[in-house]
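Q: The sequence and its predicted three-dimensional model are supplied below.
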Amino acid sequence: MDNMVKNKRALVGLLALTVLAGCSSPEKRSQANRGFDYQQESLRIRPLLIPAGLDAPAFNNEFVVPALSAQAALGAKGTELDIRPPIQVLPLIRGSQVADQGSALWFYQQRLDQPLEQELALALESFLNKQEIDFNRNDQGWLTDWVGAKSEPELRYVWQFAPDPVRRAVAISVTIAEQRGDSTLRPQDRQRAEAVMLNAFSLDYQSALTARESELDKGPIGIELDPAQGRILAAQGYDRTWRRLVTLLPKMGFDITNRQQALGYLDVEFDGLSDGKWQDLGLPALDVPEDEYRIQLGDLGNQTSIMINDKDRVPVSAEVLGQFSRTLAKAFERTDLIK
């Protein structure tokens with residue numbers, strides 16, 4: 001068997017190891033130990049013998065176990081009962097949401113420079129190529145080649161997109177289109193295989209997004225003063241602006257005493273830097289009082305507002321705000337300062 005076929009077969013098997021480790025066969029992986037002889041047993045009830053001359057005791061029927069309903073009797077039992085913990089579709093990426101039915105995830109528009117459906121299509125094709133899974137794309141979606149782990153049925157999956165322009169979202173679903181092999185997949189096995197495949201895609205996509213964000217974090221961020229609103233505007237989203245501030249402020253003479261990213265503020269104390277230190281940094285000296293400040297960030301989508309307040313939570317003067325804007329603008333352009 002060549003390496004390509006081995007890699008194709010390894011995908012589902014490798015992912016399943018986290019759940020199936022330590023088991024020796026497909027049957028033992030999903031079945032309880034110690035046999036199923038108990039299924040042949042039946043409840044034997046003998047009447048209570050009351051000696052002559054004694055009264056029968058009073059019985060309380062409150063705790064009598066009711067008989068199983070006809071529907072309950074049809075449930076899985078013995079070798080049919082799958083004891084493995086369930087595998088769920090996980091919203092591993094920020095902005096994703098598990099769909100109400102089936103193995104599907106909703107993804108929501110995060111960027112404006114590329115349509116979401118196009119971005120997800122590229123991510124899916126990249127994922128399948130990395131796993132060396134051949135596929136055909138048509139109007140119905142992406143149909144994969146056969147994929148299967150050793151001793152497991154070989155499966156073909158179909159991936160489909162369902163755009164929702166109103167919500168600016170796209171649902172990605174994966175279902176088993178075909179199977180081949182001696183065994184027949186039970187409904188729970190189908191659900192597990194589909195969930196594993198969709199989670200594997202999410203992990204790969206998350207890894208790509210993280211790598212991209214890491215590269216973006218290294219780039220310059222534009223800063224401009226908005227005097228009419230008494231704020232500074234950063235030309236990037238909230239998360240990048242927050243990380244850049246947290247990295248740069250200590251180098252600029254600020255001691256961060258408290259940070260609350262969820263609430264968007266940083267409490268800092270400015271101890272000042274010497275003129276020589278500012279020259280070494282290659283930044284214009286920040287000529288503001290050495291005092292405590294609260295820096296409040298606001299999420300504006302593709303921009304982030306930065307407001308500077310004093311220790312009493314009162315906005316600083318226009319002059320002080322201008323000083324902050326001037327120095328931060330130069331600092332945010334310097335990619336060498338964030339290494």
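A: That came through fine. Residues are numbered from 1 along each chain as shown.
Q: Can you give me the buried ones in the top helix by length along the chain?
A: In the chain, taking DSSP state H as the definition, the longest helix is helix 187-217. Of the residues in helix 187-217, 189, 191-202, 204-205, 208-209, 217 count as buried by neighbour count, 16 or more other Cβ atoms under 10 Å. Glycine gets a C-beta too; all of them are placed from N, C-alpha and C.
Q: Averaged pLDDT, that helix. What do you get?
A: When pLDDT is averaged along helix 187-217, the result is 87.
Q: Distance from it to the middle of the chain?
A: 8 Å (Cα atoms, centre = their mean, to the nearest Å).
Q: Point to the residue nearest the middle of the protein.
A: Leu92 (1.4 Å; Cα atoms, centre = their mean).
Q: Just to check, that residue is in contact with Gln206?
A: Yes - using Cβ atoms under 8 Å, Leu92 makes contact with Gln206 at a distance of 5.3 Å.
Q: show me where the stretch 1-150 of the chain has helices.
A: Using DSSP state H, counting those that start in this stretch, the helices of the stretch 1-150 of the chain run over residues 3-20, 26-30, 70-73, 116-130.
Q: Lowest average confidence across these, which one?
A: Lowest mean pLDDT within those: helix 3-20, at a mean of 44.
Q: Give me the pLDDT value at Ser24.
A: On pLDDT, Ser24 comes in at 43.
Q: show me where pLDDT drops low in the chain?
A: For the chain, the stretches flagged by pLDDT under 70 are 1-32, 73, 75-76, 112-113, 149-151.
Q: Show me the domain layout of it.
A: 1-11+78-217, 223-338 (automatic domain parsing).
Q: Now render those domains as TSV, adding distance to Gly35.
A: Shown next, in TSV, are the domains of the chain (distance: least, Cβ to Cβ, whole Å):
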stretch	distance to Gly35
domain 1-11+78-217	10
domain 223-338	53
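Q: Excluding sequence neighbours, find me the nearest residue to the residue nearest to the centre of the chain.
A: Ser202 (4.2 Å; Cβ to Cβ, 6 or more residues apart in numbering).
Q: Tell me who's in contact with that neighbour.
A: Leu90, Pro91, Leu92, Ile93, Ser96, Leu105 (Cβ atoms under 8 Å, 6 or more residues apart in numbering).
Q: Is it correct that the first one is in contact with Val196?
A: No - counting by Cβ under 8 Å, Leu90 does not reach Val196; the two are 10.6 Å apart.
Q: Can you check which residues contact both of these two?
A: By Cβ under 8 Å, 6+ apart, Leu90 and Val196 have no common neighbours.
Q: ok, which stretches of the stretch 201-339 of the chain are helices?
A: Under DSSP H, counting those that start in this stretch, the stretch 201-339 of the chain gives helices at 238-248, 275-281, 318-333.
Q: Could you export these as TSV, including distance to Thr184?
A: Compiled in TSV, the helices of the stretch 201-339 of the chain are given as follows (distance: least, Cβ to Cβ, whole Å):
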stretch	distance to Thr184
helix 238-248	47
helix 275-281	69
helix 318-333	60
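Q: could you dump those helices to a markdown table with distance to Ala56 and mean neighbour count?
A: Shown next, in a markdown table, are those (distance: least, Cβ to Cβ, whole Å; neighbours: other Cβ atoms under 10 Å):
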| stretch | distance to Ala56 | mean neighbour count |
| --- | --- | --- |
| helix 238-248 | 76 | 18 |
| helix 275-281 | 96 | 13 |
| helix 318-333 | 90 | 18 |
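Q: Which among those helices is found nearest to Phe161?
A: helix 238-248 (26.5 Å; Cβ to Cβ).
Q: I'd like to know which elements that closest one is packed against.
A: Here helix 238-248 touches helix 187-217, strand 292-299, strand 304-310, helix 318-333, going by 3 or more Cβ pairs under 8 Å, 6 or more residues apart in numbering; DSSP states H and E.
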